[in-house]
Structure formats: structure tokens, C-alpha cells
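[1] Okay, here's the prediction I keep looking at, along with the sequence it came from:
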Protein chains: 2
Amino acid sequence: MGAGESAWDRLGKHQRETQLIASIQSTLYWDQNTRMPSGGAPWRGEQLTLLATQLHARQSSSAYSDLVKEARQAWQSSDRCPHQGRNLDLIELELGRQQSLDPTLVAALARAKADGYDRWQQARSASDFNLFAPALQRLIDLRREQARQLNESRSCWETLAQPFEPDLSLDRLQALFAPLRTRLPELVAEACSRPRPRFCEWDLSEGAQQALSEELLQSWGRDPAMTCMARSPHPFSITLGPADFRITTRVVPSQPLSCFLATAHEWGHSLYEQGLPDQSHQWFAWPLGQATSMAVHESQSLFWENRIARSQSFAELWWRRFVEAGAPFTGPRDLWQAMNPMAPGPNRVESDELTYGLHILIRTDLEIALLEEGLAVKDLPGEWNRRYRELLGVTPADDAEGCLQDVHWSEGLFGYFPSYLLGHLISAQISEAMTESIGPPEEHVQRGEVSRLLAWLREHVHPLGRAVNAEQLVEKVSGRPLSTDPFLRYLEAKLDRLLKGTEPVRS
Amino acid sequence: MGAGESAWDRLGKHQRETQLIASIQSTLYWDQNTRMPSGGAPWRGEQLTLLATQLHARQSSSAYSDLVKEARQAWQSSDRCPHQGRNLDLIELELGRQQSLDPTLVAALARAKADGYDRWQQARSASDFNLFAPALQRLIDLRREQARQLNESRSCWETLAQPFEPDLSLDRLQALFAPLRTRLPELVAEACSRPRPRFCEWDLSEGAQQALSEELLQSWGRDPAMTCMARSPHPFSITLGPADFRITTRVVPSQPLSCFLATAHEWGHSLYEQGLPDQSHQWFAWPLGQATSMAVHESQSLFWENRIARSQSFAELWWRRFVEAGAPFTGPRDLWQAMNPMAPGPNRVESDELTYGLHILIRTDLEIALLEEGLAVKDLPGEWNRRYRELLGVTPADDAEGCLQDVHWSEGLFGYFPSYLLGHLISAQISEAMTESIGPPEEHVQRGEVSRLLAWLREHVHPLGRAVNAEQLVEKVSGRPLSTDPFLRYLEAKLDRLLKGTEPVRS
């Protein structure tokens, strides 16, 4: 360490090396999901475990703790730059969490997550929840213990949701979700009562889907020198360095729009990461340069997927291109209708803007019930199916289609699902603010000027990083507290236009 | 550490973790060359530097040195298992080398290599050797210092060649190469005097080349659960775990066979790695499970590329497939002739079996002259061109086509080139032994039974690992010391068949 090196510089050096290791981990994850032959799995598992151990040791070491303390002291006796102060707040928060956890619990959780994921995969292919139930029980027990050790002034579920949605309370969440619980089922009922032409039995070749997806990102200004596209079983977006942004997509047989929409979605995630504040050598290592919450992240992916790619003006611009690729459309409205089925089904990932929220409400209620209200694990499948019948009017054919469809709980991720729905709300509210500022996004799409939309997000949303939490971000951008109104307004208007010319079916 | 854990187990654990880190490094390298967008380079460089630093610290630490000492003591007071003894010999040899180097030199070399590579790239695109000359001089100075610090009873060049060709001496190398210096130019002259039909102006689509390459490996028994193919600017083979083998190939415009032959070549490298002894959890970490020399490695890639894919019986089996893909062949002989131009050119990588050796003789002489005989760096381009005119009858158009064509010296790799030519000799001698044992490889190819050839290599060559050095391996497999005779016999016979029906041109 140099004699003249400040406490701040020493902490920065530590953070930067942590980030180097974490990004190596991400690179291994990327490779695992895009290229690695299946035989590579056990060795890759050992590589990842080694890095996780290194990272945990670094982030809970007394040396690190000392660095943080020294940096705080130096900050207090200097000009107290608010940026550095916020960075220190966030670092101290995370350090406190790491330190309050018993290493035995950390190790037990790691094992239980690996075991849970394994058993979930088996249970799902056998469509037998009983194979997964004991592992889920174990994960719930360990997560409860984790919340207890973290000892925050929050409920168990709230504590576990913090890493995804900082500062979120259960009361606030329920207040936000309340209007959706009544209004979404009404809108679904209305959509179902007025059947529209469906495009169910068509497909596009893999090559055509790939080409359309590449064309999409080219038209959205993708820079190949900083970004990379690949295929993986489940689409994701990941950042591997300050100028190394990757996304994946997939081709699903007989779902010809899946690859295209997944590309739009993951690209939205990537654009947010690309626009985070100064991901340069100086800042990449600091918390302020990171995404502030999963909901905000999701709002950015949903903006490009739903607000842009599923919009009517987008369909007008692109429908001929889809026809060239082999789609059976006779006009822009056909592509637009195909993009927006607005019909309930048993599966969250395949659901649309209208029904998505109902999938999340069910999961949110169930995980709160499991963690805080004494719902027995064995009763989960029955409760799941009952709520699907009630809220969506569909009954899952079996456990695989029902409560085993999502990976999250198998890795002990509780408190994650609401972020998806909050993302819809945030996206809608940000879009209204954008409309007030530069006019409706759809009009820019019509004129082929999506770069204007990105520029607006780059100016108003992306650079905030973790300077604010999700609700503060929304208030800062829109001038109003987060609410469901913009989302419901948007859905109602869209549904109106989609259903135009159809007749209600009276039974 | 467990109370009952033996010194051997503790050393094994250390070796295994070293191997985990080294294979993470390899994964980053793989990604860098196959997927990473160019913007990722600076951060990737920092990741690689971090891992290199970690690895160097591990492998030169006193803790490691103690582990090795304790394992040696335990070995001496036990049944002295020869396998474990050989592992210890190899570990001690490498440890001794690491310890004898001044860390300042190690750091200076790392910087000089990075700088050398950088300047070489600039010099090559500007085709101006002077841009590279100072960096090359620096690398020569540092490598000389490295050999001095290693203080082995070998000349400077010999010392630097040891990592690639263990136990090789300069006298032995010159004795082996001597017959080639006279006979290869004679054979080239003969080939040039009898012109054959050339297939210069044809090409295959990228898709067709990719499909042919995949079909080739399928017919050679590639297991997709353990292997992976990708594209990179320069083809390579790499092993990322005990069951994770990767190769890359490339498509070169107007060289329609390049992708196919590179695939065959890299697959040969990979097959050797796949066949190394017990690359299991127990052995992957030990030196005995590794490749014994670059020449042996090259002999395995050359076997599949030259002996098989460029053989007449292979052409008989595959020519129709090439015609389907778009090649202008009217019979098997056309593919065979296209595979075997047997004509000199200025470029090593694009050269054939006949002329390849001459490229290596020139490089070997020049690097010995630079390191040991006082050839001035500034005189390198002139010397290079003079020797190309003399030995190959061609004059490079400029420095880029001349002495700047290869990457090796830019990274300070001296002593590496001869392994390529030794690989040709070893491949030929092993092929003769194979012929004596199970009949000519070409006949197996004709019957579509290449699996028999692989089985033979898997029995006699691959499992030796580092139990023997290259020359010992050849003697063990063929019953005779390594010599140039099999290689020259093979070349003469092949040339004879290739030139059949052509008339010498008398000038």
C-alpha cells in the first residue's frame, strides 16, 4: 500500500478486486448457460464454489471491515461528499448483513439451495410436488433463521425481500397491490367475453427468428463492440465488465414471437445496465454504480418489451418484415393481436401484460403465507390451484404446470416475485412521465425514433443508480408517488383498442 | 485440515485448487476469443492479471513449498509408489524454477509480453518491423536474464525450450533436423518441377464449411456432452475441466478447406487431452495427467489433419459430400489434390506437409541466432527474407508477410517453433508403429473405421501423460529412437502418388 494512499483509495482497491472476482463468476455463469457441454457441470460447480468462498471471505473479513471503518472516519473528517457518503452507507449495510450471519447458516443455506434446485428439477420432471416438499421446508426454515439473525426491524418476508427491493414494507406493497386485486380480474373477464382472432398455429424458422431479433437490436442502436447476443435455455441479461454487456434469447417451438420478445426484454435490462452511472474504472466498483432494485430493472425490460415491441405503432412498422420471414399476417393489426393475446393461462413466463399481475399476486400471497402465516408446505399445491381457479379461471393440469413451474423458491428466493409486478407499475408511471415530457412513446416508434426514448431514459432514469431506491426513483422521475393508476390506465386503453370491433359474447 | 489427512492428500488438495484457478483462467481466455465484444478487453485483462497473480503467489509460496517437502518425506518413508514419485519429481522441478526467478523479473516479463504483443499487432498492421524491434529487443534481454536466473546446465535457448520440450538439447535437435535441411528442398524442387491441376479459385459458403466440419467430427465420434465447437480468429483447442473439451475453427475467405482442416487439427489436439490418464477427480490435478510436450501434442493434431483428412482414401469417402456442398470436383483425386498443394509460399500457417518444415527450420535458426549467436534485432527482416529466398524460393512482399507473421516472439516465446516440426516427425513414426500393429491408417479410413485408429492411440499413446518425455514416448511406442526416416519415407511416398501422371517441366 502506497504511503500517500487514502483510506478511500484503499477501500476502492478492495471493492474493485471484489468486482473483478464477481465478474469472473458471472463469466463462468454465462459460459455455463450458453456453451458449456453438460459434462462440464461438476467441475464448473467446483470453480463457482471456490470463487463464492473467496468472495464471502473477502466481504466478511475483519480487514475489509477495518477498511470500511477507516474510510468512514476519513469521510467524516473531510468535506463529506454525499456521493461517497451514500456509497459508504450501502457498503456498511451489506457488511452489517454479512457479519450478522452465522457462517454455519451461510454454508447450510448454500447446500440447501443446491439441494433444493436439484430436487425441484426432479420433482418438476416427475410432476410430483412431494419430491420437492422436504427441500422446500428446509429452505423455509433456514430463511426464517436468516431473517432472525439479520434482526432487522422488519417482518421475516420483508427482511428477505430487502436485497431485491430495498426499503419495501409489506404494508406498502399490499396497499399498492390492492387495486390490482379487483381491477385485473375484471379486465380479464372483459377480454375473455369478447373473443378476437387468434394466431395459434403458425411458426417461424429458427434462422428467421434469429435474424428478426438481430434486426430489432440493430434498429435500437446496439453497439457490437460492447454487446453480445447468444442462446441459452432461459433468456437472461448479464454484465461482465464496464464495456461488456451480454444478453441471451431462446427459440421456443410453436411460439414464434417468444425469441423476438425475449430479445426486446433482455435488451431493456441491458440498456439499464449500460446507462448506470459511470461504469468506468473509477465507479464500476462502487454500489452507486449498480442497479437500485429488481423492480426498476424489470421496469426497464418491460418498457422495451411491452411498451415498445408490443405497441400498435411498432406492429405497423414491423408487420411486413414478419410476413417476409414467414408469418401469416394480412396487416399490422394481425401482428399486434398476435403480440397481445390478453388471455389467461396457467404459466407466468408465457403470460401477457394483462394476466401477468395475477400470477404474481398468487405467488406473493403464498410465500407470505408460507413464511409468516403458517401455511403448511404440504398444502401448497392445493392452495396454488384453488387461487388459479379463482383469480385466473384456469386449473393447472398437474404440479409441473402448477406450483412447480418457477425456479425461485427452489433456490430459497422469497420476496423476489413482487418485483416483477412492481416493474409493470414503474414502467407505466415512467412512461406517463416520458409522455408528459416528450410525447407518447408510440409516436416516436411510429416515426422510427426510438433513440429519443433511450436518450430520455439515459437522462432521467439510468444515471440514478443506487442514489435512490425504487419508490424514490419513481417520485423523482414522475413527480408523484408510485401508484397503480398509470398501469391500469395504460391497460384499459390498450385493451379498448385491442377489443375494438369485437362483440361481447353473452352466455 | 483433517487430523488423519496425509501429506499427499494435503498437496493434492492444493494442486486441485490450483487447477481450478488455472481452468477459470482458461475459461476467460476461451470467452475472450470466442464471444467477448472488443470493449470487454481492458476489464478482461485485469481479471486475467488478478488470476495470474493469485496463481503465481500460490505456486511460489513457502506454504506450497512446505507441502511439497512433506509429501516427499512421506513418499520416502512409504512404499515409494513410482507414479507418485514421478508426480513429485515434476512438481519439484517446476517449484524450483518458480523459486529461482526474481519476482521483479517475473513482473517485468509479464509487462514486456503484453507490450510486445501490442506493438507486434501495430507493427503487423503497419507492416513495419521497426515499430516492433525495441519490444523484441526487450523480450530477448529479459528472456536471457530468465535463463541466467534459472541457472540450468543448458544453453540459453535450451533452457527456454524446456517448458515446451522437456529434456530437449540443441545438439539432439540439430542432429534430428539435419537430414531435413537437405532433403526437404530437394522434394520441394521435384514437386515444383511437375505442375499439377490447382484448385485456386473456388469457395464454399460459411454454412457449408460449418456443416462439413460438424459432420467430420460426428463421423469421428465426437460426444456433444463433453465437447463444444465454436469460432475464433485463430483456431485453438482448450480443456476447461475433466469432461469439458472445446475447440474452435475459423472460416477464411477463398480458402474453402481451411475451416475443415483446422477442425481436424484442433480435434486431434482435443483427442489427446481427452485420452490423457484418468483426468478424473483424483488425477486432473496432477502433472502425470498432463500432456508431455508440445511436439507430442502436435503429433496428435497432425495425425488427424494430415494422415487422415488429407489422405487419398479420405478423399474417396468425402469428395461427393464436398461436391454437394458446392465444390467443383469431378472425382476423389480433385479433393485430394486440393488438400495437398505441396507448393511453397511465404506463410507458415497456410503451408502444407511438404513445405511446413522449411518454415520451422528458418525460425529455429533465427531464434538461436538472436539468443545465442549475436544476430542483431535490426537485421532480422533481412535475414528472414534471405533464408526464405534460399530455402523456399519465395520472397515475402513485406514485413507483415515476412518476419511479423507469427505471434510467438511477440510474447517472448522462444524455443517453441521446433515442436511443430518435431510433431511431424513423431506423427510419422507413430503412424509407422500403428501400421505395423493394425495395418495402414488409410485402409481403416477406407473402411470407415477411424474408431480403430483412435482406440489404438488411446491404448498406446494418450495414457502415457507425463510419465515419459517426447523421445521416450516415441521409443516406447515404436521401439526405435526418434528419427526423420519415417517422416521422409511418408512424404516421398505421398509425393510420388500425388505427382503420378504429371510430367517434369524441363526449363
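    Happy to help now that I have it. Residues are numbered from 1 along each chain as shown, chains lettered A, B, ... in the order given.
[2] Run through the residues of chain A sitting next to chain B.
    Residues of chain A that fall close to chain B, judged by C-beta under 8 Å from any C-beta of the partner chain: A:17, A:20-21, A:23-24, A:27-28, A:30-31, A:34-40, A:42-44, A:46-47, A:50-51, A:223-228, A:230, A:240-246, A:284. In short, each C-beta sits where N, CA and C put it, glycine included.
[3] which among those end up buried?
    The neighbour-count test (16 or more other C-beta atoms under 10 Å in any protein chain shown) marks A:20-21, A:23-24, A:27-28, A:30-31, A:34-37, A:39-40, A:43-44, A:46-47, A:50-51, A:226-228, A:240-246, A:284 as buried among the residues of chain A next to chain B.
[4] So which of those belong to helices?
    Using DSSP state H, A:20-21, A:23-24, A:27-28, A:30-31, A:34, A:43-44, A:46-47, A:50-51 are the members of those that sit in helices.
[5] and A:M342, what does it touch?
    With contacts taken as C-beta atoms under 8 Å, 6 or more residues apart in numbering or on different chains, A:M342 has the following neighbours: A:V188, A:A191, A:D352, A:E353, A:L354, A:T355, A:L495, A:L498.
[6] where does it land in three-state SS?
    Here A:M342 is recorded as coil under DSSP: H, G, I helix; E, B strand; the rest coil.
[7] Any figure for the gap between it and chain B?
    Distance of A:M342 to chain B, given as C-beta to the nearest C-beta, to the nearest Å: 37 Å.
[8] how near is that residue to A:A433?
    25 Å (C-beta to C-beta, to the nearest Å).
[9] Could you give the number of residues near the nearest residue to A:A41 once chain neighbours are set aside?
    Distance criterion C-beta to C-beta, 6 or more residues apart in numbering or on different chains; nearest residue to A:A41, sequence neighbours excluded, is A:Q32 at 7.7 Å. By other C-beta atoms under 10 Å in any protein chain shown, 17 other residues sit near A:Q32.
[10] so A:Q32 touches A:R44, yeah?
    Yes: judged on C-beta atoms under 8 Å, A:Q32 makes contact with A:R44 at a distance of 5.4 Å.
[11] How about the contacts made by the spatially most central residue of chain A?
    Note on chain A: the residue nearest the mean C-alpha position is A:E298, at 4.4 Å, using C-alpha atoms, centre = their mean. A:E298 sits next to A:S419, A:Y420, A:L422, A:G423, A:H424, A:I426, A:S427 when contact means C-beta under 8 Å, 6+ apart.
[12] do that again at 7 Å, thanks
    By C-beta atoms under 7 Å, 6 or more residues apart in numbering or on different chains, A:E298 lies in contact with A:S419, A:Y420, A:G423.
[13] Which element, helix or strand, includes the second one?
    It stands for A:Y420. For A:Y420, the host element (DSSP states H and E) is helix A:417-438.
[14] For A:R466, which non-adjacent residue is closest in space?
    Excluding the flanking residues, the one nearest A:R466 by C-beta to C-beta, 6+ apart is A:T292, at 4.7 Å.
[15] about what we covered before: pLDDT of the helix holding A:Y420, averaged?
    Mean pLDDT, helix A:417-438: 98.
[16] Could you list the low-confidence segments of the stretch 51-200 of chain A?
    A:200 (pLDDT under 70).
[17] Show the model's pLDDT score for A:Q218.
    97.
[18] how much space is there between A:R119 and A:L131?
    On the measure of C-beta to C-beta, A:R119 and A:L131 end up 6 Å apart.
[19] Show me the strands in chain A, by range?
    Per DSSP state E, chain A carries strands over the ranges A:227-231, A:237-241, A:244-249.
[20] how near is A:L370 to chain B?
    37 Å.
[21] about what we covered before: reformat the strands of chain A as a markdown table; add mean pLDDT.
    As requested, the strands of chain A are arranged in a markdown table below (pLDDT from 0 to 100):
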| stretch | mean pLDDT |
| --- | --- |
| strand A:227-231 | 96 |
| strand A:237-241 | 96 |
| strand A:244-249 | 97 |
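[22] ok, back up a step: how about the CA coordinates for the helix holding A:Y420, as PDB?
    Below are the C-alpha coordinates for helix A:417-438, written out as PDB (Å, rounded to 0.1, in the frame of the first residue of the first chain):
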ATOM      1  CA  PHE A 417     -41.800 -12.200  -7.200                       C
ATOM      2  CA  PRO A 418     -43.400  -8.900  -6.300                       C
ATOM      3  CA  SER A 419     -40.600  -7.000  -8.100                       C
ATOM      4  CA  TYR A 420     -41.900  -8.300 -11.400                       C
ATOM      5  CA  LEU A 421     -45.300  -6.700 -10.900                       C
ATOM      6  CA  LEU A 422     -43.800  -3.500  -9.400                       C
ATOM      7  CA  GLY A 423     -41.800  -3.400 -12.600                       C
ATOM      8  CA  HIS A 424     -45.100  -3.200 -14.600                       C
ATOM      9  CA  LEU A 425     -46.300  -0.300 -12.300                       C
ATOM     10  CA  ILE A 426     -43.000   1.600 -12.500                       C
ATOM     11  CA  SER A 427     -42.700   1.100 -16.300                       C
ATOM     12  CA  ALA A 428     -46.200   2.600 -16.700                       C
ATOM     13  CA  GLN A 429     -45.600   5.500 -14.400                       C
ATOM     14  CA  ILE A 430     -42.200   6.300 -16.000                       C
ATOM     15  CA  SER A 431     -43.900   6.100 -19.500                       C
ATOM     16  CA  GLU A 432     -46.500   8.700 -18.400                       C
ATOM     17  CA  ALA A 433     -43.700  11.000 -17.200                       C
ATOM     18  CA  MET A 434     -42.000  10.400 -20.500                       C
ATOM     19  CA  THR A 435     -45.200  11.200 -22.400                       C
ATOM     20  CA  GLU A 436     -45.600  14.500 -20.500                       C
ATOM     21  CA  SER A 437     -42.000  15.400 -21.300                       C
ATOM     22  CA  ILE A 438     -41.500  14.300 -25.000                       C
END
